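Asks: Below are the sequence and a predicted model; questions follow.
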Amino acid sequence: MTSAAEITGDSPARPSAAPQSIGRQAWRRLLGNRLSLASLIVVGIYVAVGLFSFTPFVVARIDQPYSADKTYAPPSFWRTLDDGSRAVAPERWFGLDFEGRSVFWRLLYGTRLALLIMVCTCAISISIGSVLGLLAGYFGGWVDDLITWLYSTVSSIPWLLLVIAMAYVLQNIQTMNAGSVQSRIAQFFGGSSTVILALGLTDWVGLCRLIRGEVIKLRDLDFVVAARALGLRRSRILFRHVLPNTFHIILITFSLSSVAYVQAETILAFLGLGITSRPSWGRMIDDSKLELLRGVWWELTAATLAILVLSLALNVLGDALRDALDPKLHGVK
Amino acid sequence: MWAYVVRKVLLSIPILIGIVALTFLLFCVIAPDPAVVYAGKFKSAEQLQAIRHQLGTDVPKWREFVNILTFQFAHSFRYQESVWGLLARKAPVSLAIQVPAFFIELGLQLALALLIASRRGTLLDYGLTVTAVLGMSVPIISLYLAAQWVFGGWLKWFPVAGWSQGFFYALHFAALPIIVSIIGGVGGGVRFYRTIVLEEINADYVRTARAKGVAGREVLFTHVFGNVLIPVLTNTVVVLPLLFTGSLILEQLFQIPGFGALLVDSIHAQDQPVVMFIVYVTSLIYLVMLIVTDILYTLVDPRVTLK
Amino acid sequence: MPQPLLELRNLTVAFDTEGGQIRPVQDVSLSIYPGQTVALVGESGCGKSVTALSILRLIPSPPGKVLGGQILFEGKDLLPRSEKQMQAVRGKDIAMIFQEPMTSLNPVFTVGEQIVEAVQLHQKVGTKQAYEIAEQSMHDVGIADPHKRLHEYPHRLSGGMRQRIMIAMALSCRPKLLIADEPTTALDVTIQAQILELLRELQHERGMAVMLITHDLGVVAENADAVAVMYASRVVECAAVDDLFDLPKHPYTEGLFRAIPRLGHVQDRLQTIAGSVPSPRRFPSGCKFHPRCPRMNGDALCAEQEPALREIAPRHWAACHKIEDFAAKPITPPNTDSRRAEVSR
């Protein structure tokens, strides 16, 4: 207990901690919440599985039939060997699909495709959205008018229609220039390049609007005015000073859009515009359409669960990021 | 107010032109020759030209563009029928499913949101919110497939797919798609409206109303609801034009011969007039709905005036 | 001595939070007599708003709850009453106005509709008559052209006008007690004076009691008959206003007065009370003021035992272990002018 003699007029009740950057504070807040920590771990697991699926070990197993008669089999932990004994059979853990292929390995491969789609599509849509938003917000005038016209146009077409249109057009382009220059790249992408481009080129509007709004606010703030007064080149101001202040929006968008892209892939697969050569989750769900009526539920369940868990984790993460990065929300739940 | 409307309409015109241009580019320019698609590769040049004339594609591209803009659509390549005729035939089918689904879904979402928000912190709140988040994270195709299987394949309450004419038969076939559509769509809305209702519940004017002696339920349905209406309006009016196309997925899945199915089939079949028509009309309605929303805002929120 | 209109006896309110239970109001007792203005004074976070809200049971009930004590209105305890019975009390016997007139009115209804709602809840009148009562209320609070103003929406009115509307709404059913939670804090100084004067007038006309919650001692000086000073969830001093201003007995109150800069009085530094207000999560043991108290002198009693509110002079209560030691010699010499006259504007 302090005595009256020790108290002077100026001492605060508690010593103040060293100021932390917003990023570090947000990171701490993120990790502190158990739910968001769990989500982060889940996403990490998916990434690990996805990376693992790049190895030939996995790739070899996705088209291989595992049952004698090349038809489906329900999930089981074991398989019986010729001599009657049992061995652990990971390929059967999620059963076999209608061609006797292992749902388990195909699911793992699907993780790779899903990650690829998420990352690449985000890369494209975020690049377009943020650059256009930045330019529109900062320069105003005819640049803004043009970009606003562009995104109003794109957003007035119902998104699904647009994606379907885009996907189909890209398929047309592909068939019209069937060269093998792209074949190695195509192999890497496992046929998903159409989906990636179709989604990426059409989904930038949301981010563009957000960034434009934010940049308009930032443009008049003192630090930007000071930068201009100092005579900095416009590109430097834009990319070094203004853009970093929009990173929180970009990060949240990244997390939440990824969910949308994975889901969109399933829709495209259903409509026949998805990935055809390799197993993606969407394609597995589409394949299971016919299986359900014969009582084969495991492929649908496996793919659905894979998407569900990832979407949940990303949704939770996105919400947590929003809470962690938005200073105004603190104290309000 | 009319000055505002006129201004908005004028501003929408470049957007409309942009939409048509974009779609035109995607479908009519970067696309294989429809004559080849429909007749096959191995016809002679004169035969191809004759087919082009029949389809109406032997005019220069810019002419085609202007025609579309002015609502002069060619006949559908596939059906050889006027696009308007197709609309009249197929739209009611889509609407028969989408309209009931939309209203039931909205009512359910609002009711659940109000319920959850007024019972904040209880098990009900928690449970329903978790269910809603789960519903949003499940891929919608899986949900549809599962529901189709449960209600159609297992319980056998409704036919799994198909359609028929006649009011009561149609009802029979429409029931499952409607149910499935509601199940899929309820989750996201509940979560969204719950957030809004919660914001309003914690507002100062609610405290004032309670201090005056207004009962809890009354506060919710009179005071809060009036303020919740504004975001509800934004969400709903804008979605209306999509009712037209029906849910593309839904119609594919349940083999419903509606407008959405027509669109998907037409894209696959390179039936350009139909595709252009659907996209154009849908976007047009969307833009009109935006203006209508703005006007409705002034009715619902006294703070808003049109400049 | 007439019976008090409102009497709080040992009221304790708790909140269940993520970090445990906190008690922003502990063992609070005070009385308000008919027609009297009692000011509840203290810094932000001392529990005065929570006290006021719990009188009308407006504390959100899952996290908050009343742990103990009684709220006696006209002799009868309000706590056991049902929610429906409380609704009958709110707005009719006891009314409340709040700090933020900007957000305290519903933006989608006209002010007339909102006043009429209050009227029709408690009086059996038709709509037309209710509007007439509303118009009269608006006239009573000094709004010009009330007939037209009835149909205005809140966002079209200024802050001062909105607060007048709030007062009109609160007074429309002639309550016996008005609780005013910092009614003028969010307003300009000149508007503040007008609103307070309006409240004084209306109070005299109707014989209404007022519980005025504020942190501004100037407002207290001009408007209150009696004052209760709160610190960290407890009432630490309670007296008639003249008595309090002339000779504050609790070291916290003394510190508050000392901190007020005075015209004509040369000072190099403003006097402050050392330290800062403790958060309800980390209340000190014993007397909650002891870490900041100049009278403590390391006495273990202050650190261990919560002092009770005792009547140390006729109708002057204070909660401090060291009252008698310091009663004879106050820390700062009293000024020759009445402190009250100096502090009021």
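Replies: It's in.
Asks: going forward, measure contacts and count neighbours with C-alpha atoms only.
Replies: OK.
Asks: Which helix or strand in chain A has the lowest average pLDDT?
Replies: Sorting the helices and strands of chain A by mean pLDDT, DSSP states H and E puts helix A:183-189 at the bottom, at a mean of 59.
Asks: What are the buried residues along stretch B:287-294?
Replies: Of the residues in stretch B:287-294, B:287-291, B:293-294 count as buried by neighbour count, 16 or more other Cα atoms under 10 Å in any protein chain shown.
Asks: Next one, pLDDT for B:G40 please.
Replies: At B:G40, the model reports a pLDDT of 66.
Asks: related to what we said a few turns ago, filter the buried residues of stretch B:287-294 down to just the ones in helices.
Replies: B:287-291, B:293-294 (DSSP state H).
Asks: Near chain A, list only the ones from those.
Replies: Under the cut-off given by Cα under 8 Å from any Cα of the partner chain, chain A has B:L287 from those close to it.
Asks: Alongside chain B, which residues does the stretch 1-150 of chain A contribute?
Replies: Contact residues, the stretch 1-150 of chain A versus chain B (Cα under 8 Å from any Cα): A:149-150.
Asks: Tell me which residue is most central in chain C.
Replies: By Cα atoms, centre = their mean, chain C has its centre lying nearest to C:I213, at 2.1 Å.
Asks: my hunch is that that one is in a strand, does that hold up?
Replies: Yes. C:I213 sits within a strand when classified using DSSP: H, G, I helix; E, B strand; the rest coil.
Asks: Pull the contacting residues for it.
Replies: Residues near C:I213 by Cα atoms under 8 Å, 6 or more residues apart in numbering or on different chains: C:39-41, C:48-49, C:179-182.
Asks: One more: B:P273?
Replies: Here B:P273 is in contact with B:73-77, B:83 (Cα under 8 Å, 6+ apart).
Asks: which phi and psi does C:S31 have?
Replies: phi -130, psi 150 (degrees, to the nearest 10).
Asks: unless I'm mixing things up, it is touching C:E7, no?
Replies: Yes. Using Cα atoms under 8 Å, C:S31 is in contact with C:E7, at 4.4 Å.
Asks: Please, where are all the helices along the stretch 151-300 of chain C?
Replies: For the stretch 151-300 of chain C, the helices defined by DSSP state H, counting those that start in this stretch cover C:159-171, C:189-206, C:217-223, C:241-246, C:251-259, C:300-304.
Asks: and the fourth one, how far from the chain's centre?
Replies: Read that as helix C:241-246. 17 Å (Cα atoms, centre = their mean, to the nearest Å).
Asks: what about the strands in the chain?
Replies: Looking at chain A here, since you left the chain open. Shown for chain A, the strands assigned by DSSP state E span residues A:78-80, A:86-88.
Asks: Let me rephrase: I mean chain C.
Replies: According to DSSP E, the strands that chain C contains are C:6-17, C:20-32, C:37-41, C:64-73, C:76-77, C:94-97, C:177-181, C:209-214, C:226-231, C:234-240, C:310-313, C:316-318.
Asks: got the angle for the third one vs strand C:20-32?
Replies: I take that to be strand C:37-41. Counting by axes from the mean of the first three to the mean of the last three Cα atoms, to 10 degrees, strand C:37-41 points 150 degrees away from the direction of strand C:20-32.
Asks: ok, strand C:37-41: who's next to it in the sheet?
Replies: Its sheet considered, strand C:37-41 pairs with strand C:209-214 (parallel), strand C:226-231 (parallel) by DSSP bridges.
Asks: Out of the buried residues of stretch B:287-294, which is nearest to chain C?
Replies: B:D294 (16.4 Å; Cα to the nearest Cα).
Asks: circling back: for C:A14, find the nearest of the helices of the stretch 151-300 of chain C.
Replies: For the helices of the stretch 151-300 of chain C, proximity to C:A14 was assessed by Cα to Cα; helix C:300-304 is nearest, at 21.8 Å.
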